[in-house]
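Q: What follows is a predicted structure for the sequence shown.
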Amino acid sequence: MMMSRRTSHLSASKPLAASDRRHRPTTRLPGLRLTLAAALLGLMAGCGALGGEGAGSRKNSVYQNERFQADETFSRLFDASVEDTCEAARRALLSQGYVINLAQPASITGSKRFQPEGEVHVEISFTIVCVPEIGGGKLATAYVSALQDRYTVKRSTNSTSLGVSAIGSISVPLSSTSESLVKVASETIPAGQFYDRFFALMQRLLKDQNAGVPESFGGGGGNP
């Protein structure tokens, strides 16, 4: 009787067979760690690539081309007073069809619109500032900057319906199309021949002013 109890106790504490161990789920922690490490490395590589592209875009920014050198042709020295220099700039703009938006003794602004294509509109805005130089008020520098704005036509359709209650639930669709100009680009015209032509016209007008050449308005009755 005592022998049977001891045998059953030993059989109960007998370790599992190899076949039973195969069916038990096991957790492979080393493999999981390797997978997570590979994923983290991939994310770090992607962030590094994005950072490199951002650095490249910063290196190619527009402001990097600003040289701030004295050979730029946004200004010109004139042998005239500040008032006479800005007056020549005002007359130069008026002679080319520009509308004067602001006229002061030391600053002038004007604009003109163009339509190079059917649905493309361009507006050029001038800003002229006249600054006195050393020379008893007989020398002045004119600083000129021209801004070019580009617009395109944008169409939008507005649909409405008109219900006729006497006939029933019949509705007549009504639609209207509206157009508007949308700015798509804005850029300062770079230094070059554009400003050279404007300064040359200012110089000619200054010579006419100093020579006392009367300005013709087309309706005067002066002597021939």
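A: Sure, I can see it.
Q: and A88, helix, strand or coil?
A: Look at A88: counting by DSSP: H, G, I helix; E, B strand; the rest coil, its state is helix.
Q: hang on, it packs against Q209?
A: Yes: the pair A88 / Q209 is scored as a contact, 6.6 Å apart, by CB atoms under 8 Å. C-betas here are computed from N, CA, C, even on glycine.
Q: higher neighbour count, these two?
A: Legend: neighbour count by other CB atoms under 10 Å for A88 and Q209, higher for A88 (27 against 16).
Q: Any figure for the gap between that one and V144?
A: Relative to V144, A88 is positioned 12 Å away (CB to CB, to the nearest Å).
Q: Could you find the closest non-adjacent residue to F78?
A: T85 (4.9 Å; CB to CB, 6 or more residues apart in numbering).
Q: same check, this time on G137
A: Nearest residue to G137 in three dimensions, chain neighbours excluded: S81, at 5.4 Å (CB to CB, 6+ apart).
Q: Next up, the contacts around that neighbour.
A: Counting by CB atoms under 8 Å, 6 or more residues apart in numbering, S81 touches 132, 137-138, 140.
Q: make it 7 Å
A: Going by CB atoms under 7 Å, 6 or more residues apart in numbering, S81 touches 137-138, 140.
Q: what does L147 give?
A: Contacts of L147 (CB under 7 Å, 6+ apart): 125, 186, 188.
Q: Look up which helix or strand it falls in, please.
A: Using DSSP states H and E, L147 sits in strand 140-163.
Q: Neighbouring strands of that strand in the sheet, and parallel or not?
A: Strand pairing for strand 140-163, determined by DSSP bridges: strand 75-78 (antiparallel), strand 120-132 (antiparallel), strand 171-188 (antiparallel).
Q: Now tabulate those in TSV and tack on mean pLDDT and mean neighbour count.
A: Shown next, in TSV, are the strands paired with strand 140-163 (pLDDT from 0 to 100; neighbours: other CB atoms under 10 Å):
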stretch	mean pLDDT	mean neighbour count
strand 75-78	94	17
strand 120-132	97	18
strand 171-188	79	10
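Q: Please tabulate those in CSV, including the columns distance to L94.
A: Output for those, formatted as CSV (distance: least, CB to CB, whole Å):
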stretch, distance to L94
strand 75-78, 18
strand 120-132, 11
strand 171-188, 22
